[in-house]
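> I need the structure of the sequence given here:
(2 chains)
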Protein chains: 2
Amino acid sequence: MKKLGIIGGGQLGKMTILEARKMDIYTCVLTEEHPSPASEISNEYIIGSLHDEDKIREISEKCDVLTYEIEHINVEVLKELEAKGKKIFPSSRVIEIIQDKSKQKELLDEKNIPTSKWKKVTKDNLEELKKEFGFPVVQKSCKGGYDGRGVFILKDESDIEKMIQGDSFFEEFIECDKEIAVMVARNFNGDIATYPVVEMVFDDKTNICDTVVAPARITEDQCKEAKKLALQCVEALDGVGIFGVEMFLTKEGKILINEVAPRPHNSGHYTIEACKTSQYEQFIRAVLNYSLGNCDLLSPACMVNILGEDGYKGKVKVIGMDEMMSVDGAYLHLYGKKDTKPFRKMGHITVLSDSEEEACKLALKAREHLKIISE
Amino acid sequence: MKKLGIIGGGQLGKMTILEARKMDIYTCVLTEEHPSPASEISNEYIIGSLHDEDKIREISEKCDVLTYEIEHINVEVLKELEAKGKKIFPSSRVIEIIQDKSKQKELLDEKNIPTSKWKKVTKDNLEELKKEFGFPVVQKSCKGGYDGRGVFILKDESDIEKMIQGDSFFEEFIECDKEIAVMVARNFNGDIATYPVVEMVFDDKTNICDTVVAPARITEDQCKEAKKLALQCVEALDGVGIFGVEMFLTKEGKILINEVAPRPHNSGHYTIEACKTSQYEQFIRAVLNYSLGNCDLLSPACMVNILGEDGYKGKVKVIGMDEMMSVDGAYLHLYGKKDTKPFRKMGHITVLSDSEEEACKLALKAREHLKIISE
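As a prediction, the model looks like this:
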């Protein structure tokens, strides 16, 4: 049996390891702290920074295949390990491109995959960019963005002073009909599996993806186009693993790639209950180069994130558990984080129902009941 | 959050804990050895005999609710703990009845729930029983039976000398059209949830339930009757928890209760992938007195057990993993037992497909690929 190393100790690692345990696949995680969602259930764990070269070398030695559940990790050492023949999926080249959103944009342009117009901010092109893009305009950090951080919308001239510092680019503000996403898995043999297209709804306040609806309520042609583009992205990256491809469906009905995550993705949580193969099992199959699983949707579903309540910080207290479970078709995932803070991702709820509308209604109802506060 | 104690360290415990981990529910198991399938992933474990009163008192103190994943445990101490106000589900009365199959039969007769004719074997009634039941006839141990052990079919007079020793009863041999089963969950509030009726196919050689097909290919009226009887059994027991109710569908189309298991059951493994709520999550909801989940079947399914290959004993080696995974809609569960022996339950495969027939075909194909041998 192959041993799997996972860099990162968060909830994506945890949900991956739950699937690994099911199949008795051995895992070791590199985690910044213990207990963490993933380290608590892994066969083995190493505590250390995800940027610590020695720790990454250490986990690499313990495993047959190395992967990660977060892309903000040390890439240089991965290159060194790959050169020595280590199996790392997705490859260091993929992370390098993904870590720098401007490189992602360059790749998309180079491969003629539709994405919104963009241009790097330099020391002296701000006036030119303002003229070219107008307001509103989106500014994105090249590196380090996560869960809505590193993205800033300049509504007008007055926002200029609040701009993100460091390397960044301007991106055309897209009048979106919907944001949509597709999970794509690809193994080393080149087999590909594509999940249904879903809708992502973002919270206005936190800019965190808040609600995911499966399947997306779009036309069949739009579905086909979205899946085709998602596939092109993964092939452009020559990616092995699982990928969350986020897209804009514009008011004009055009689909543009927003960005790609090289790992299980919030927009794929619903697959645990709603699809034949969960994104986490699929992730394991892909990186260990097993045959990929069937992505069929078994039921319409809606997933809502559970964030730490505003105003509470400290040791977790869960309230409303029974009320939440009384909602028909609602399934609770709590990540096991020991401390809460406002808007921290603490868990999610997936509801299966006969229609997307009903699933959404029930998911919001379930979430109203469940609150993560501090003791 | 309530803490759950589980007596027993086997695969039923493991699959329960995987669901508990999903919801971040704390578990402690009493296990006869470590590592065991359940102890490896539990928050906490105690090593000891399942008959050791002190160990059961110890686990009881650590948890809000105590349950078990196997019924062959010490009952006397459970009675003592219940008297002190401890929450134990299903109750000691339920285990006491279930542990002694003749008591089960008595309860069924008392409540007028149809079951096959039976009579206790005493020192001097053998000749009388032979006349009354004829051959073939089934002999069952009152206590200690498990996975086909404790059941003996006397084909003719010559089998008399091979009879099971100890307390036992004779049971009419039923000409079965099918063996069927229903999982029923019931919480302390008295809420009830009933899963679809499934078919169980037993291996002739080992008498272990080998294949489970969901839904059962029987008439709608038979389905209704089976669910009604399963429910009556659980209510007769005043059971809180999850129960596997095994039944005979006779050649004449009559349904008779065979026996009841007071825990998750092999015939309910398919629910992990095929139903909205898995039997394991349902088990947790029931014993912690949460609202019960929806039991809807999402897809036709077939589950096959994976037994240790005949002729191999010792440290586990798994072969054919990729070939098995290449079967469409097939999902692997390996229990993580470190040692194999012939016919030991090592895992199972569930296949989801468009029809029961297709699911069965694919499940057998998947199992042909995967073998558990020794190193």
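
> Near chain B, which residues of chain A? Just list them.
Residues of chain A found near chain B (CB under 8 Å from any CB of the partner chain) are A:1, A:14, A:18, A:21-24, A:40-41, A:43, A:273, A:276-277, A:281, A:285, A:289-291, A:293-294, A:298-299, A:318, A:321-322, A:325-326, A:328-329, A:331-336, A:347, A:352. Every residue, glycine included, has its C-beta placed from N, CA and C.

> List buried residues within these.
A:14, A:18, A:21-24, A:40-41, A:43, A:273, A:276-277, A:281, A:285, A:289-291, A:293-294, A:298-299, A:318, A:321, A:325-326, A:328-329, A:331-336, A:347, A:352 (16 or more other CB atoms under 10 Å in any protein chain shown).

> So which of these belong to strands?
A:318, A:331-334, A:347, A:352 (DSSP state E).

> want to try a markdown table for those, with distance to A:Lys140 and pLDDT as columns?
Conversion of these to a markdown table gives the following (distance: CB to CB, whole Å; pLDDT from 0 to 100):
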| residue | distance to A:Lys140 | pLDDT |
| --- | --- | --- |
| A:Val318 | 35 | 97 |
| A:Tyr331 | 34 | 98 |
| A:Leu332 | 33 | 98 |
| A:His333 | 29 | 98 |
| A:Leu334 | 31 | 98 |
| A:Gly347 | 28 | 98 |
| A:Leu352 | 35 | 98 |
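
> which one of these sits closest to A:Phe188?
A:His333 (29.6 Å; CB to CB).

> Can you classify A:Pro342 by secondary structure?
Under DSSP: H, G, I helix; E, B strand; the rest coil, A:Pro342 falls in the coil class.

> Name all residues that make contact with it.
A:307-313 (CB atoms under 8 Å, 6 or more residues apart in numbering or on different chains).

> Can you tell me how far A:Leu370 is from B:Glu171?
49 Å (CB to CB, to the nearest Å).

> Tell me where chain A has helices.
Assigned by DSSP state H, chain A shows helices spanning A:11-22, A:53-62, A:76-83, A:92-99, A:101-110, A:126-133, A:220-237, A:271-274, A:279-287, A:321-325, A:356-369.

> Going by neighbour count, list what's buried in the fourth one.
Spelled out, that is helix A:92-99. A:92, A:94-95, A:97-99.

> Next, the angle from that helix to helix A:76-83.
160 degrees (axes from the mean of the first three to the mean of the last three CA atoms, to 10 degrees).

> would you put the C-alpha positions of helix A:92-99 in PDB?
Backbone C-alpha positions of helix A:92-99 (Å, rounded to 0.1, in the frame of the first residue of the first chain) are rendered in PDB as follows:
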ATOM      1  CA  SER A  92       6.300  22.100  -8.200                       C
ATOM      2  CA  ARG A  93       5.700  23.800 -11.500                       C
ATOM      3  CA  VAL A  94       2.000  23.800 -10.900                       C
ATOM      4  CA  ILE A  95       2.300  25.400  -7.400                       C
ATOM      5  CA  GLU A  96       4.800  28.000  -8.700                       C
ATOM      6  CA  ILE A  97       2.300  29.100 -11.300                       C
ATOM      7  CA  ILE A  98      -0.700  29.000  -8.900                       C
ATOM      8  CA  GLN A  99       1.200  30.800  -6.100                       C
END
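
> okay, the angle between it and helix A:220-237?
Going by the same axes, to 10 degrees, helix A:92-99 makes 120 degrees with helix A:220-237.

> any idea of the angle helix A:92-99 forms with helix A:101-110?
110 degrees.

> packing partners for helix A:92-99?
Using 3 or more CB pairs under 8 Å, 6 or more residues apart in numbering or on different chains; DSSP states H and E as the contact criterion, the elements in contact with helix A:92-99 are helix A:76-83, helix A:101-110, helix A:220-237.

> switch to 6 Å and redo it
helix A:76-83, helix A:101-110 (3 or more CB pairs under 6 Å, 6 or more residues apart in numbering or on different chains; DSSP states H and E).

> is it possible to export these to JSON lines including distance to A:Lys162?
Listed next are the helices and strands packed on helix A:92-99 as JSON lines, based on distance: least, CB to CB, whole Å:
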{"stretch": "helix A:76-83", "distance to A:Lys162": "33"}
{"stretch": "helix A:101-110", "distance to A:Lys162": "19"}
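
> looking at these, which is closest to B:Glu61?
helix A:76-83 (47.0 Å).

> Can I get the closest one in CSV? Just the C-alpha atoms.
Only the C-alpha atoms of helix A:76-83 are listed here, as CSV (Å, rounded to 0.1, in the frame of the first residue of the first chain):
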residue,chain,number,x,y,z
GLU,A,76,12.2,25.4,-3.8
VAL,A,77,12.6,22.3,-1.8
LEU,A,78,9.9,20.5,-3.8
LYS,A,79,12.0,21.2,-7.0
GLU,A,80,15.0,19.7,-5.3
LEU,A,81,13.0,16.6,-4.2
GLU,A,82,11.5,16.2,-7.7
ALA,A,83,15.0,16.3,-9.2
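
> Show me which residues of that helix are buried.
Quick answer for helix A:76-83 (16+ other CB under 10 Å): A:77-82.

> Go ahead and confirm A:Cys142 touches A:Asp100.
Yes. In this structure, A:Cys142 is within contact of A:Asp100 by CB atoms under 6 Å, at 5.0 Å.

> What's the nearest residue in the stretch 1-150 of chain A when you look at chain B?
The nearest approach of the stretch 1-150 of chain A to chain B comes at A:Asp24, 3.7 Å away (CB to the nearest CB).

> Tell me who's in contact with the closest residue to that residue other than its chain neighbours.
Computed as CB to CB, 6 or more residues apart in numbering or on different chains, the closest residue to A:Asp24 that is not its neighbour in sequence is B:Leu334, at 3.7 Å. For B:Leu334, the contacting residues are A:23-24, B:347, by CB atoms under 6 Å, 6 or more residues apart in numbering or on different chains.

> go on, A:Arg263?
A:Glu69.

> So it versus A:Lys365, what's the distance?
30 Å.

> Excluding covalently adjacent residues, which one is nearest to A:Ala274?
A:Ala301 is the one closest to A:Ala274 (CB to CB, 6+ apart), at 3.7 Å.

> Which residues does that neighbour form beta bridges with?
On the basis of DSSP bridges, A:Ala301 is bridged to A:Ala214, A:Leu352.

> So what's the residue count around it?
Residues contacting A:Ala301 under the criterion other CB atoms under 10 Å in any protein chain shown number 29.

> and it, how far is that from A:His269?
Counting by CB to CB - A:Ala301 and A:His269 are separated by 9 Å.

> Please enumerate the strands of the stretch 101-250 of chain A.
A:118-120, A:137-141, A:151-154, A:168-172, A:176-186, A:192-194, A:198-202, A:209-214, A:241-250 (DSSP state E, counting those that start in this stretch).

> looking at those strands, which is closest to B:Pro114?
Judging the strands of the stretch 101-250 of chain A by CB to CB, what sits closest to B:Pro114 is strand A:209-214, at 44.3 Å.

> between that closest one and strand A:176-186, how many degrees?
70 degrees.

> how far is strand A:209-214 from where the chain is centred?
Centre-to-centre, strand A:209-214 and its host chain are 12 Å apart (CA atoms, centre = their mean, to the nearest Å).

> So which elements touch it?
Applying 3+ CB pairs under 6 Å, 6+ apart, we find strand A:209-214 packed against strand A:198-202, strand A:301-307.

> can you put those in TSV and add mean pLDDT?
As requested, the helices and strands packed on strand A:209-214 are exported to TSV (pLDDT from 0 to 100):
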stretch	mean pLDDT
strand A:198-202	91
strand A:301-307	97
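
> Can you say which of those strands is packed in most?
Greatest average neighbour count among these goes to strand A:301-307 (a mean of 26), per mean count of other CB atoms under 10 Å in any protein chain shown.

> Please work out which residues outside that one touch it.
Taking CB under 6 Å, 6+ apart as the rule, strand A:301-307 contacts A:210-214, A:269-270, A:274, A:343, A:345-352, A:359-360, A:363, A:367.
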